[in-house]
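Asks: below is the sequence, then the predicted model.
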Amino acid sequence: MTSKNTYALVLKRSLAVGVAALGLAAGAAQARDTVLHIPLADVLAMPEAQGKLDGSVKFFLAGAKTPRIEKRMGSDSSNQKTNGVGKSDEFGCKWAALSALIAFQNSAKREGANAVVDLVSYYKKNETKSDTTFECHAGAMIIGVALKGTYAKIAE
């Protein structure tokens, strides 16, 4: 073999090893799925929530004490994601949850509801109930919150 052919062979092997290593690293990065449980109260207290949630719709996790429910309406779900790059998992979870609450607020107003009750985490359509927290999943690049709840008219 000439030195030119040897150099080409070494370069090809190095490139193949590099591509394989990059593929393994990308696969490992995509596989991250950190589960966090964030208090709903923390999302409602975010400064960003103050300008987006107007208070006309109240939010209650399943099992939480609610005012008297006068009328239950339809159920709905919201699956919100955010780019996790440059955000802590906790902040990304709160941001995604705030997006879900905004979507619920807008739909509740259209339905004539003033509350969303029985909110549960609904990741991959699996319900997880807590009267204080919701479940969030943080991956290498994407952070997501899925919630399901029922629109209601509550006593004020």
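Replies: That came in fine, so what should we check first?
Asks: CA atoms for contacts and neighbours, from now on please.
Replies: Noted.
Asks: residue ranges with poor pLDDT in this structure?
Replies: 1-30 (pLDDT under 70).
Asks: who touches the strand ranked longest in the chain?
Replies: As assigned by DSSP state E, the longest strand anywhere in the chain is strand 69-83. Contact with strand 69-83 is made by 92, 95-97, 99-100, 103-104, 111, 113, 122, 141-155, as judged by C-alpha atoms under 8 Å, 6 or more residues apart in numbering.
Asks: one more time with 7 Å
Replies: The contact list for strand 69-83, computed with C-alpha atoms under 7 Å, 6 or more residues apart in numbering, reads 92, 96, 99-100, 141-155.
Asks: tell me the secondary structure at the nearest residue to Asp42 once chain neighbours are set aside.
Replies: In this structure, Asp42 finds its nearest non-sequential neighbour in Lys94, 7.6 Å apart by C-alpha to C-alpha, 6 or more residues apart in numbering. Put simply, Lys94 is helix when judged by DSSP: H, G, I helix; E, B strand; the rest coil.
Asks: wait, isn't Lys94 in contact with Val43?
Replies: Yes - counting by C-alpha atoms under 7 Å, Lys94 touches Val43, with 5.5 Å between them.
Asks: those two: which is more packed in?
Replies: Lys94 (26 against 19; other C-alpha atoms under 10 Å).
Asks: show me where this structure has helices.
Replies: 3-30, 40-44, 47-50, 89-111 (DSSP state H).
Asks: quick revisit: using CSV, write out the CA atom coordinates for the longest strand of the chain.
Replies: Extracted in CSV, the C-alpha atoms of strand 69-83 (Å, rounded to 0.1, in the frame of the first residue of the first chain):
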residue,chain,number,x,y,z
ILE,A,69,-69.0,23.0,41.9
GLU,A,70,-72.2,24.2,40.3
LYS,A,71,-71.7,22.6,36.9
ARG,A,72,-69.2,20.3,35.3
MET,A,73,-68.5,20.7,31.7
GLY,A,74,-66.3,18.9,29.2
SER,A,75,-62.9,17.5,29.9
ASP,A,76,-59.8,18.5,27.9
SER,A,77,-56.0,18.0,27.9
SER,A,78,-53.1,20.2,27.1
ASN,A,79,-49.6,18.8,26.1
GLN,A,80,-47.1,21.7,26.2
LYS,A,81,-43.4,21.5,25.4
THR,A,82,-40.6,24.0,25.7
ASN,A,83,-37.0,24.1,24.5
